[in-house]
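Engineer: quick check, what structure comes out for this input:
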Amino acid sequence: MARALYIHWPFCLAKCPYCDFNSHVRDSVDLDSWQQALLADMRHEARVAGGESLTSIFLGGGTPSLMPPALVKALLEEAQRLWGFAEGVEITLEANPSSVEASKFADLASAGINRVSLGLQALDDETLHFLGRLHNAAEGLAALDVAQKAFARVNFDLIYARPGQRPADWHAELARAISLGTTHLSLYQLTIEPGTRFETMVRQHEFEPLDDEHAADLFELTQALTASAGLPAYEISNHARQGEESRHNLAYWRYQDYCGIGPGAHGRRGGTATVRHRKPENWLSAVARNGHGIAEERPLSAREQASEALLMGLRLAEGVDLAQLAARFGLSPTDLHDGPRSSLYQRQGLVWFEGSRMGLTPAGMPLLDALLGELVPEALVSA
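Structural biologist: Okay, the predicted model is just below:
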């Protein structure tokens with residue numbers, strides 16, 4: 001089983017109005033304390049999780065590109081000492097495309113980062129202002145150019161299905177994004193998440209989200225344009241040239257083991273679910289008290305694991321191998337999907353079967369959330 005490591009850096013310069021991630025704005029950060037706490041949290045995971053070599057590391061947030069390169073280097077060196085790195089290990093860092101952070105890219109590459117994911121989010125200033133981003137379009141494109149020179153692999157994010165967005169406008173923006181030459185794109189539809197400033201703005205009628213029908217049209221356009229450019233969707237929102245898929249995210253979607261450290265980080269290792277304390281100060285106190293930041297640690301039943309594996313794996317274009325999952329969790333393949341409903345949606349062209357594999361068709365992918373509720377048996381979900 002592959003072993004991946006997720007490191008969460010929770011701090012941002014500002015909270016974006018659409019963001020429901022565990023991110024926090026602080027006037028100052030005691031870097032020495034954070035380094036020691038992250039190292040302690042990591043050492044705890046290594047003691048519990050065993051010694052398999054790491055195939056991927058992902059530094060997410062928050063805004064981990066705000067971390068000093070020396071801190072990143074210390075974390076990576078300790079991870080290599082504790083686990084070892086598999087050949088070709090993928091080490092990704094999320095970054096904002098500000099000129100201040102881009103100035104660190106060469107040093108971050110020297111520290112061991114070999115893949116970066118840039119939060120461009122849009123390619124025009126008006127939209128970036130609406131999304132609450134601190135960079136402008138020119139700054140974002142300049143940062144992308146620096147990143148492509150510093151790192152072997154570069155991804156960037158865009159948010160579409162924005163209020164009032166027309167197909168012609170999105171076609172032009174996406175075509176321009178593709179022309180920038182990265183081998184991976186993360187293309188997310190704007191969703192109004194509970195507890196975000198956008199939710200408040202929608203409730204107060206400050207803007208109206210794009211309706212589902214028009215969002216579906218933009219999703220279909222996205223799939224067609226990226227596929228024709230050699231960047232097909234391998235997951236509902238992620239597109240890559242063959243061989244350039246995010247190995248770390250594939251570990252999640254293929255339900256492989258991963259350790260998560262830092263505030264709010266989740267982990268799955270050896271059939272056990274871990275959740276770290278979410279608030280940075282609470283996490284720091286827990287590490288000082290216990291030697292780790294875990295708030296909850298509990299074993300998962302075979303049925304719970306199978307349910308999670310299905311919920312993650314059906315996001316992928318490759319789908320899931322029901323026979324392999326059944327063997328892994330000591331179940332029958334017929335336990336892993338609702339047969340009559342699966343057959344119904346297969347006849348409707350929303351679900352496919354190939355041997356023991358099941359997945360969603362291109363027509364089914366826009367309905368992912370609804371279909372997951374129909375396909376994954378209640379007996380697994382409520383296990």
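Engineer: can you get me a residue count around Gly50?
Structural biologist: For Gly50, the tally of surrounding residues (other CB atoms under 10 Å) stands at 12. C-beta coordinates here come from the backbone N, C-alpha and C atoms, glycine included.
Engineer: cool, and the one 10 residues further on?
Structural biologist: The burial metric for Gly60, expressed as a neighbour count using other CB under 10 Å, is 22.
Engineer: what's across from it in the sheet?
Structural biologist: Here Gly60 sits in beta bridges with His8, going by DSSP bridges.
Engineer: could you do Tyr160 as well?
Structural biologist: Counting by DSSP bridges, the residues bridging with Tyr160 are Gln189.
Engineer: just checking, it touches Thr222?
Structural biologist: Yes - between Tyr160 and Thr222 there is a contact under CB atoms under 8 Å: 6.9 Å.
Engineer: common neighbours of these two, please.
Structural biologist: Common neighbours of Tyr160 and Thr222, using CB atoms under 8 Å, 6 or more residues apart in numbering, are Trp170, Leu174, Leu187.
Engineer: in the stretch 1-150 of the chain, which spans are helices?
Structural biologist: Across the stretch 1-150 of the chain, reading from the start of the chain, the helices by DSSP state H, counting those that start in this stretch fall at 31-49, 69-83, 99-102, 105-111, 125-130, 137-150.
Engineer: do the stretch 251-383 of the chain as well
Structural biologist: For the stretch 251-383 of the chain, helices defined by DSSP H, counting those that start in this stretch occupy the ranges 280-290, 302-313, 322-329, 339-347, 368-375, 378-381.
Engineer: which among the ones you listed is found nearest to Val100?
Structural biologist: Between Val100 and the helices of the stretch 251-383 of the chain, the tightest spacing by CB to CB is seen for helix 280-290, at 21.5 Å.
Engineer: domain ranges for this structure?
Structural biologist: Per the record, the chain has its domains at 3-252, 303-381, by automatic domain parsing.
Engineer: so for Glu281, which of the ones you listed sits nearest?
Structural biologist: Nearest to Glu281, of all those, is domain 3-252, at 9.3 Å by CB to CB.
Engineer: contacts for stretch 256-270?
Structural biologist: Defining contact as CB under 8 Å, 6+ apart, one finds that stretch 256-270 is touched by 1-10, 22, 38, 41-42, 45-46, 48-50, 52, 251-252, 255, 273-280, 282-283, 293, 300, 308.
Engineer: could you redo the last one with a cut-off of 7 Å?
Structural biologist: Under the contact criterion CB atoms under 7 Å, 6 or more residues apart in numbering, stretch 256-270 has outside partners 1-10, 22, 38, 41-42, 45, 49, 251-252, 274-280, 283, 293.
Engineer: in TSV: the helices of the stretch 1-150 of the chain, plus distance to Gly61.
Structural biologist: Compiled in TSV, those are given as follows (distance: least, CB to CB, whole Å):
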stretch	distance to Gly61
helix 31-49	12
helix 69-83	12
helix 99-102	12
helix 105-111	14
helix 125-130	19
helix 137-150	16
